[in-house]
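Participant: Give me coordinates for this.
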Amino acid sequence: MSQRIQHIISEIKDQYLIEDSLRPWIIGFSGGKDSTALLQLVWYALLQIPEDKRKRQIHVVCNDTLVENPVIQDYVRDVLAKISRASVEKGLPVYVEQTIPRLEDTFWINVIGRGYPVPNNAFRWCTDKMKIKPTSRFILEQVDENGEAIILIGTRSSESATRARSIKKHQIKGKRLTKHPHHPNTFVYAPIKDLFLEEVWYIINAMTSPWGADNSKLFQIYSDASADDYECPTMVTDKSHSSCGQSRFGCWTCTVVKEDKSLTAQVAKGQTWLQPLLALRTSMFDERNISENRLPTRRNGQTAVNDEGHNQGNYTPKYRAKLLEQLLSAQRKMQEEHPEIELINNQELVAIQVIWHRDLLFDYRVSDIYNRVYEREFEMKKDAEKIQKEIDLLKSVCENPSDFDLIQELLIMQKNKALLNRKRGLKDDMERVIEKYINREIA
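Facilitator: Numbering: from 1, shown residues only. Below you'll find the predicted structure:
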């Protein structure tokens, strides 16, 4: 086993030095067993290379979907800090990068804000928005800057027949690098593709962590979440990768499968503070297809009623508000033991209210729900005096009251679009508003 691992380290070292160009290496790091083993072997190889020849940059990229399992998320943050610190101390060209979804692509913006039904096998919208896009943006930035880039993945053939077929499909005999199926000028390198599970654990348990992490914690996390031996891809860059539906660790909100075995096992083994997540996730799964929770249309106006007369469109405003209250209640419950826990951030709360207003949903207010759960005052407004001054100034330059109303609506629309980073469609929306006011004046 040791000889096979040493051979891989030598191969990584050779691959690092053999290239004429300085195409950066991008290592997807999930914090799980495979990505940890991969990075350790790359690190060992770097230490065997003279300092003056370590010219190629290595980016350790970790994507945070913002709904990760809190246990693994806390562990990963600690490990990333150690990696970053150790790379500086040892003079290695290793740089830690963290990616997150854009505000408009986060889980709660889409479910509670827009009313998307939680994912299932037929509508797995989360992988693209929360994993593929953030990672792809970073890869494209590196390609734009350097011309080409190489992605190192921790995929292993022995993990599953599907992965074995995928690796075989893209590999070129006699070559270590393969072309990425979707990103131009991007190549893929899978150094540990031939390792077995026992060898991965040997690297983690028997070989010292080069950045000073306690790998026994990782082993304990897997032990506490005993399910199957499958782990999410260390880096999802296209839709051919599996999502976390069958994974040991992934998004705690995942409803692609009926039961989250890892979360259930963690609660059963004493981590009862995770119970609110398990309860909410179960509720979202059970209530996904209830007709009363769904509208008869989708967001594009398309009819969504099946042959039995059941609604299959977006979530109703009432159910969106219910989900927000359940989420905030779960957050407050967990914060009693772990005050640092944040299941939804303030920026998402503001954006949800913006979307509800744009959807003309005025029966529910985010601040009212928040205040009810937390028993405190939470207002999503700028300073009232400043707002009033802006309004008074605008009124003073508008001769006609309807002009003031028009400009106010256009300003709000522009601010909402800017907040969600979605300028697409702004021109058409503004034209519709102006046309509405013109028709009103004519009438």
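
Participant: and Met430, how many residues sit next to it?
Facilitator: Met430 has 15 neighbours, counted by other C-beta atoms under 10 Å. For glycine as for every other residue, the C-beta is placed from the backbone atoms N, C-alpha and C.

Participant: Check Asn289 too.
Facilitator: For Asn289, the neighbour count with other C-beta under 10 Å is 14.

Participant: Check which residues of the helix or strand where Leu41 lies are buried.
Facilitator: Secondary structure assigned from DSSP states H and E places Leu41 in helix 33-47. Of the residues in helix 33-47, 33-46 count as buried by neighbour count, 16 or more other C-beta atoms under 10 Å.

Participant: Next: stretch 294-301.
Facilitator: Judged by neighbour count using 16+ other C-beta under 10 Å, the buried positions of stretch 294-301 are 294-295.

Participant: give the contact list for the residue nearest to Ile49 when sequence neighbours are not counted.
Facilitator: Among residues not flanking Ile49 along the chain, Lys13 sits closest, at 6.1 Å (C-beta to C-beta, 6 or more residues apart in numbering). Counting by C-beta atoms under 8 Å, 6 or more residues apart in numbering, Lys13 makes contact with 45-46, 48-49.

Participant: Helix, strand, or coil at Lys13?
Facilitator: Here Lys13 is recorded as helix under DSSP: H, G, I helix; E, B strand; the rest coil.

Participant: State the distance from it to Leu323.
Facilitator: Spatial separation of Lys13 from Leu323 under the definition C-beta to C-beta, to the nearest Å is 51 Å.

Participant: quick one: Arg54 and Val94 touch, right?
Facilitator: No. In this structure, Arg54 is not within contact of Val94 by C-beta atoms under 8 Å, at 9.4 Å.

Participant: and for those two, which residues touch both?
Facilitator: Here Arg54 and Val94 have Leu46 as joint contacts, going by C-beta under 8 Å, 6+ apart.

Participant: Who has more neighbours out of those two?
Facilitator: Neighbours per residue, other C-beta under 10 Å: of Arg54 and Val94, the larger number sits with Val94, 23 against 17.

Participant: Per-residue pLDDT of that one, please?
Facilitator: With respect to pLDDT, Val94 scores 97.

Participant: Name the nearest residue to it, ignoring sequence neighbours.
Facilitator: Closest to Val94 by C-beta to C-beta, 6+ apart is Ser87, at 3.8 Å.

Participant: so which helix or strand takes in that neighbour?
Facilitator: Using DSSP H and E, Ser87 falls in helix 70-89.

Participant: Would you mind getting the angle between that helix and helix 33-47?
Facilitator: Going by axes from the mean of the first three to the mean of the last three C-alpha atoms, to 10 degrees, helix 70-89 is angled at 0 degrees with respect to helix 33-47.

Participant: Any buried residues in helix 70-89, and which?
Facilitator: Under the neighbour-count criterion of 16+ other C-beta under 10 Å, helix 70-89 has 70-76, 79-80, 82-84, 86-87 buried.

Participant: Tell me where the stretch 51-200 of the chain has strands.
Facilitator: Taking DSSP state E, counting those that start in this stretch, the strands of the stretch 51-200 of the chain run over residues 58-63, 94-99, 149-152, 177-179, 186-189.

Participant: Let's have the buried residues of helix 70-89 in a markdown table, adding pLDDT and distance to Gly309.
Facilitator: As requested, the buried residues of helix 70-89 are exported to a markdown table (pLDDT from 0 to 100; distance: C-beta to C-beta, whole Å):
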| residue | pLDDT | distance to Gly309 |
| --- | --- | --- |
| Pro70 | 92 | 40 |
| Val71 | 91 | 43 |
| Ile72 | 89 | 42 |
| Gln73 | 91 | 42 |
| Asp74 | 93 | 46 |
| Tyr75 | 94 | 48 |
| Val76 | 94 | 46 |
| Val79 | 97 | 52 |
| Leu80 | 97 | 51 |
| Lys82 | 97 | 57 |
| Ile83 | 98 | 55 |
| Ser84 | 97 | 56 |
| Ala86 | 97 | 61 |
| Ser87 | 97 | 60 |
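
Participant: which sections of the chain are below the confidence cut-off?
Facilitator: Scanning the chain for pLDDT under 70 picks out 1, 19-20, 158-174, 226-249, 378-388, 390-391, 412-426, 443.

Participant: Give me the domain ranges for it.
Facilitator: Domain segmentation of the chain under automatic domain parsing yields 2-105+120-238, 289-374, 384-442.

Participant: Start and end of stretch 199-215, how far apart?
Facilitator: 15 Å (C-alpha to C-alpha, to the nearest Å).

Participant: Revised request: answer the last question for stretch 197-217.
Facilitator: 18 Å.

Participant: So which bits of it are buried?
Facilitator: Within stretch 197-217, the residues that qualify as buried are 199-204, 209-211, 213, 215, counting by 16+ other C-beta under 10 Å.

Participant: Mind picking the two most distant members of the residues you listed?
Facilitator: Across the buried residues of stretch 197-217, no pair lies farther apart than Glu199 and Trp211, at 20.4 Å, counting by C-beta to C-beta.

Participant: Just want the most central residue of the chain.
Facilitator: Thr65 (2.0 Å; C-alpha atoms, centre = their mean).

Participant: Apart from its chain neighbours, what residue comes closest to Asn293?
Facilitator: That would be Tyr319: by C-beta to C-beta, 6+ apart, it lies 4.2 Å from Asn293.

Participant: Just give me the neighbour total for that neighbour.
Facilitator: By other C-beta under 10 Å, the residues close to Tyr319 number 20.

Participant: Same list, the contacts of Lys13, but as JSON lines with distance to His180 please.
Facilitator: Listed next are the contacts of Lys13 as JSON lines, based on distance: C-beta to C-beta, whole Å:
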{"residue": "Ala45", "distance to His180": "22"}
{"residue": "Leu46", "distance to His180": "23"}
{"residue": "Gln48", "distance to His180": "28"}
{"residue": "Ile49", "distance to His180": "25"}
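
Participant: What is the nearest of those residues to Arg4?
Facilitator: Arg4 has its nearest neighbour among those in Ala45, at 14.6 Å by C-beta to C-beta.

Participant: Got the phi and psi for Gln302?
Facilitator: Torsion angles at Gln302 (phi, psi; degrees, to the nearest 10) stand at phi -70, psi 140.

Participant: Name the SS class of the closest residue to Ala86 other than its chain neighbours, please.
Facilitator: Using C-beta to C-beta, 6+ apart and skipping residues adjacent in sequence, the residue nearest Ala86 is Trp211, 3.8 Å away. State at Trp211, reduced to three classes by three-state DSSP: coil.

Participant: Look up how far Gln275 lies from Trp211.
Facilitator: For Trp211, the distance to Gln275 (C-beta to C-beta) stands at 33 Å.
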